[in-house]
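Colleague: here is a sequence together with a model predicted from it:
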Amino acid sequence: MHVVIKFVLEVNREVVNGHHGIALYSSDGQLIWGNATDSLRLRPGMHDLCYTFPYLPLRPGSYFWRVFLLHGDELIDAWDCLPEMIVATEPLGHPRDEWAGVVNLPVEFNVASKDTQLT
């Protein structure tokens with residue numbers, strides 16, 4: 001199962017040597033993930049900017065994407081994407097938020113007892 005995030009971009013003039021940046025933030029502004037792509041060339045028209053993740057193990061909550069595009073050194077656009085991305089999965093971490101962390105990964109736990117001999 002993959003997670004695909006897609007942003008639709010309308011380009012009005014050709015972008016040469018473009019720089020595209022993206023970041024995912026938690027609702028309290030913590031940077032969760034970021035990436036960038038350089039040397040983009042985009043002709044005028046509609047474009048889908050697609051990111052495919054093998055999984056996105058975030059704990060339940062609200063997140064937002066910040067995306068920007070530059071043409072050389074000139075900022076073309078920067079936007080906080082709405083609506084926010086809501087992750088509504090079963091919490092798999094610590095039951096208290098302050099100890100749960102950012103990722104929501106299943107884990108197997110066991111205790112392996114070793115025999116002790118008293119002499």
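Modeller: Cool, the structure landed.

Colleague: buried residues in the least confident helix or strand in the chain by mean pLDDT, which are they?
Modeller: Lowest by mean pLDDT, DSSP states H and E among the helices and strands of the chain is helix 97-100, with a mean of 80. Neighbour counts using 16 or more other C-beta atoms under 10 Å place Ala100 of helix 97-100 among the buried residues. All C-beta atoms are positioned from the backbone trio N, CA, C, and that covers glycine.

Colleague: helices or strands up against that helix?
Modeller: Contacts defined by 3 or more C-beta pairs under 8 Å, 6 or more residues apart in numbering; DSSP states H and E place helix 97-100 against no helix or strand at all.

Colleague: quick one: which helix or strand includes the spatially most central residue of the chain?
Modeller: With the centre of the chain defined as its mean C-alpha position, the nearest residue by C-alpha atoms, centre = their mean is Leu24, 4.3 Å away. Leu24 belongs to strand 15-26 when assigned by DSSP states H and E.

Colleague: check what pLDDT the nearest residue to Phe53 once chain neighbours are set aside gets.
Modeller: Spatial nearest neighbour of Phe53, chain neighbours left out: Val3 (4.4 Å); criterion: C-beta to C-beta, 6 or more residues apart in numbering. According to the predicted model, the pLDDT of Val3 comes to 90.

Colleague: how about the contacts made by Val3?
Modeller: Val3 makes contacts with 52-56, as judged by C-beta atoms under 8 Å, 6 or more residues apart in numbering.

Colleague: repeat that for 7 Å
Modeller: By C-beta atoms under 7 Å, 6 or more residues apart in numbering, the contact list for Val3 reads 53, 55-56.

Colleague: mind checking how far the least confident helix or strand of the chain is from the chain centre?
Modeller: Centroid separation for helix 97-100 versus its chain: 19 Å, with C-alpha atoms, centre = their mean, to the nearest Å.
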